[in-house]
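Trainee: how would this look folded up:
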Amino acid sequence: MRYPALLPAGVVLLLCALAPPGNAQLPPPLAAPPAPIHGAVTPAKALLGKTLFWDEQLSSSRTVACGSCHQAASGGSDPRSLPGASRATHPGLDAVAGTPDDVSGSPGIVARDATDALKWSATFGLREQVTPRLAPSHINAAYASWLFWDGRAPGPFFDPENADLLFFDGAALENQATGPPLSGVEMAHAGREWSDVTARIITALPLALATALPPDLAGNLAGRSYPQLFAAAFGTSEVTASRIAMAIASYERTLFSNQSPFDSLLAGTTTLSEDETVGLQLFQMNCAGCHSGALLTDQSFHNIGVRPAAEDSGRFAVSHDPNDLGAFRTPSLRNAALRPAFMHDGRFSTLEQVVEFYDRGGDFNAPNKDLRIIPLGLSATERAQLVTFLKRPLTDPRVAAAIFPFDQPALFSSSALVPQVLAGGVSGSSGQPPTPVALEPAIAGNPTCSVGVYAALGGASAVLVVDDVVPPLGNGIPAMGSFARQAVILEGSGVSGGHGSVTLQIPSQAAEYGRMLYARWYVTDPAAAGGVAASAPFRFTLFGPHGSGGSLLGVVPNPRQELSLASAPNPFVARTTLRFELAHASRVRLELYDIAGRRVRQLFERPLAMAGSYAFAWDGRDDRGVAAPRGVYFARLETKHAVNSVRLFRVD
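Mentor: This is a model prediction of the structure:
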């Protein structure tokens, strides 16, 4: 292997952070984070925090939870943040999509005014807004002294409602938790205050939008209200901003991953493969200066030359120190292979690209660029070995399989209850049909289910018709709709600059559960056939708590009571047989994934499989018939009620 002839002194001093296998200087395995100085984590508080973390009702639109952007199977990041994906692209400083300063962020909510009506955004229109940075992992965040890429969530914690100092230190998690609920991009309507958030929580049925619950949450909720859950966690039923933050922080302190092969190596109970061992040695020489210790981060801030500081000043915006221009917090590399994107702007989609970036010494220079970011001169083989170390050895299988404590409810935003836009429409002055916007849950009692329209004639009259059948075309604007008919004058100007929205009130009667409705926008437009442009129709279903009446069932039993999954032989060379017992008739999907979370093979899928025993052989080949390489794989068995997984080892 080759190393730079001269290393900066800082690198030499920090190489002792990790030593070659067998060396006594290896750090100890990652221990559980210490209890915060302001109080121990209790089961009741952590379960309340888990409920809040995954409850989409915490957002103004009821479409975004904390967990929407932080999911274990994606290494604690956002699975939607795929570089180049239009839904997850922020146009960057120049506000022009498709240019080099674009950012892969997280979809938030459509901009809204204080009445929860949809509001036109100069950058995103009536589409979901996107965060200007990639979502960092929430897993292992309990070890950090400050959080966010720029460290703006420090240790001292002040009450968000009255600014009283509550904790002197150790509360970075609490501070971080207070950000998204009031962010106009992530979760909040314009001018949202904590009183709005707490009022929503007090009256909401916990996790009512989740269509399935893991066992611990199902057992803890047991029909209780949020005030009752707060009483169990804090002694009284009062719902406050600080308590919301403390509960979420308590949950996040249970999310530490210390069962990777790397931890076994540090404990002296396993060894790495030859390529992984060489990759570790390369890592020690070239990466451990910043990615140090068992956590694989120095928890500090560095400008490494990803993009010019003018695009994002990073830590400087907090510290106002010129040495922090363009500097960002060093992320832990644990579970990095599961993440969809890398760097603060999400510009890289693979670890191979990340290693190539460091091998060329970064992409931009700056007066404060870290002196350790220099061309490394690694060969193609060495780069591949370094990547090999960053994958399997650093991946906790519980995180990859999203099993306890890294499990989650099934969210509304990922369910079949999200409104579906269908085909059809009548073009207007722009040459295209107006575009409907329908993302919000039609759950019983929702008083602000907002829907919108854009790409229509500016200043025109628009009518939304909602009916039990698809609103028709060709006969002007229907005079009525069986569910709703609302008119609005579109804002904006020009042939395609018109936009507007209305708010539907969803009835709370159980008799309405399961009612399927169809909606269409009609826009008065002299250039359209018959003088009326029409959007494609969209379909949605009225439903009750946990998807009741919407063709989805609510509470998930213990997955291991619902179904069992096993394989033999394991490890295997030529083939292995996966067997499972299905306790109840259900839809079933059996798929295989690699350590990076990419699907390798689908073995079985049925919309309805009967209860009984099943067995399927895997010959080690992917969906294309190509032999999968040696390594770790996961078989994932999913039914209507539960998910189970088993770890497989393919050997030569």
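
Trainee: wait, what's in contact with the spatially closest residue to Ala487 that is not a sequence neighbour?
Mentor: Distance criterion CB to CB, 6 or more residues apart in numbering; nearest residue to Ala487, sequence neighbours excluded, is Val463 at 4.8 Å. C-beta here means a position set from N, CA and C on the backbone, and glycine is covered the same way. Neighbouring residues of Val463 by CB atoms under 8 Å, 6 or more residues apart in numbering: Ile477, Arg485, Gln486, Ala487, Val488, Trp521, Tyr522, Val523.

Trainee: so where is the stretch 451-600 of the chain shaky, pLDDT-wise?
Mentor: For the stretch 451-600 of the chain, applying pLDDT under 70 flags the ranges 550-564, 583-585, 596-597.

Trainee: Show me what the helix or strand in which Phe649 is found is packed against.
Mentor: Element membership for Phe649 (DSSP states H and E) is strand 643-650. Identification of packing neighbours for strand 643-650 by 3 or more CB pairs under 8 Å, 6 or more residues apart in numbering; DSSP states H and E yields helix 559-562, strand 563-568, strand 576-582, strand 631-639.

Trainee: among the contacts of Val463, which ones are buried?
Mentor: Buried by 16 or more other CB atoms under 10 Å: Ile477, Arg485, Val488, Trp521, Tyr522, Val523, out of the contacts of Val463.

Trainee: hey, where'd the helices end up in the stretch 101-250 of the chain?
Mentor: Per DSSP state H, counting those that start in this stretch, the stretch 101-250 of the chain carries helices over the ranges 172-177, 194-203, 215-221, 226-234, 241-252.

Trainee: I'd like the mean pLDDT over the longest one, please.
Mentor: With pLDDT averaged residue by residue, helix 241-252 scores 98.

Trainee: Name the residues that touch that helix?
Mentor: 36, 39, 41-42, 45-50, 52-53, 66, 138, 141-142, 157, 159-161, 166, 171, 173-178, 181, 194, 197-198, 201, 230, 233-234.

Trainee: What of the shortest one?
Mentor: Counting by CB under 8 Å, 6+ apart, the neighbours of helix 172-177 from elsewhere in the structure are 66, 141-142, 144-148, 153-155, 157, 167, 242, 244-246, 248-249, 252-253.

Trainee: and what of stretch 479-496?
Mentor: For stretch 479-496, contacts defined as CB under 8 Å, 6+ apart pick out 120, 428-430, 432, 453-468, 471, 478, 498-502, 504, 517, 519, 523, 527.

Trainee: Would you mind listing which of the residues you listed are buried?
Mentor: Neighbour counting by 16+ other CB under 10 Å classes 120, 428-430, 453-457, 460-467, 471, 498-502, 504, 517, 519, 523 among the contacts of stretch 479-496 as buried.

Trainee: Any idea how many residues pack against Val588?
Mentor: If you count neighbours by other CB atoms under 10 Å, Val588 ends up with 20.

Trainee: quick one: Gly191 and Thr115 touch, right?
Mentor: No. Applying CB atoms under 8 Å, one finds Gly191 not in contact with Thr115, separated by 10.2 Å.

Trainee: Go through the helices and strands packed on strand 643-650 and name the closest to Pro441.
Mentor: Judged by CB to CB, the one of the helices and strands packed on strand 643-650 that comes nearest to Pro441 is strand 631-639, at 22.5 Å.

Trainee: what about the closest one, distance to the chain center?
Mentor: 20 Å (CA atoms, centre = their mean, to the nearest Å).

Trainee: quick one: buried residues of that strand?
Mentor: Residues Val632, Tyr633, Phe634, Ala635, Arg636, Leu637, Glu638, Thr639 are the ones in strand 631-639 that count as buried (16+ other CB under 10 Å).

Trainee: packing partners for that strand?
Mentor: The helices and strands touching strand 631-639, judged by 3+ CB pairs under 8 Å, 6+ apart, are helix 397-400, strand 563-568, strand 576-582, strand 586-594, strand 643-650.

Trainee: Would you mind giving those as CSV with distance to Asp623 added?
Mentor: What follows is those, written out as CSV (distance: least, CB to CB, whole Å):
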stretch, distance to Asp623
helix 397-400, 20
strand 563-568, 19
strand 576-582, 16
strand 586-594, 9
strand 643-650, 16
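
Trainee: Deepest-packed of the ones you listed, please.
Mentor: The highest average neighbour count among the helices and strands packed on strand 631-639, using mean count of other CB atoms under 10 Å, belongs to helix 397-400 at a mean of 24.

Trainee: Can I get it in PDB, CA atoms only?
Mentor: What follows is helix 397-400, C-alpha atoms only, in PDB (Å, rounded to 0.1, in the frame of the first residue of the first chain):
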ATOM      1  CA  PRO A 397     -27.300  -5.700  11.900                       C
ATOM      2  CA  ARG A 398     -30.100  -4.400  14.100                       C
ATOM      3  CA  VAL A 399     -29.900  -1.000  12.400                       C
ATOM      4  CA  ALA A 400     -29.800  -2.600   8.900                       C
END
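
Trainee: And the next helix or strand after that helix, what does it pack against?
Mentor: Using DSSP H and E, the next helix or strand after helix 397-400 towards the C-terminus is strand 420-421. Here strand 420-421 touches strand 538-541, going by 3+ CB pairs under 8 Å, 6+ apart.

Trainee: Can you list the strands that the strand it packs on pairs with?
Mentor: strand 420-421 (antiparallel), strand 516-524 (antiparallel) (DSSP bridges).

Trainee: For Phe364, find the nearest of those.
Mentor: strand 420-421 (40.7 Å).

Trainee: List the buried residues of the helix or strand following that closest one.
Mentor: Next along the chain after strand 420-421, taking DSSP H and E as the criterion, comes strand 435-437. When burial is assessed from 16+ other CB under 10 Å, strand 435-437 yields the following buried residues: Thr435, Pro436, Val437.

Trainee: hey, where'd the strands end up in the stretch 351-500 of the chain?
Mentor: Here the stretch 351-500 of the chain has its strands, by DSSP state E, counting those that start in this stretch, at 420-421, 435-437, 449-456, 461-467, 484-489, 498-504.

Trainee: tell me the angle the longest one makes with strand 498-504.
Mentor: If you take axes from the mean of the first three to the mean of the last three CA atoms, to 10 degrees, strand 449-456 sits at 160 degrees to strand 498-504.

Trainee: for strand 449-456, packing partners?
Mentor: Counting by 3+ CB pairs under 8 Å, 6+ apart, the packing neighbours recorded for strand 449-456 are strand 435-437, strand 461-467, strand 498-504, strand 516-524.

Trainee: Give the pairing partners of it; include direction for each.
Mentor: strand 435-437 (antiparallel), strand 498-504 (antiparallel).

Trainee: And stretch 345-357, end to end?
Mentor: Counting by CA to CA, to the nearest Å, you get 14 Å between the two ends of stretch 345-357.
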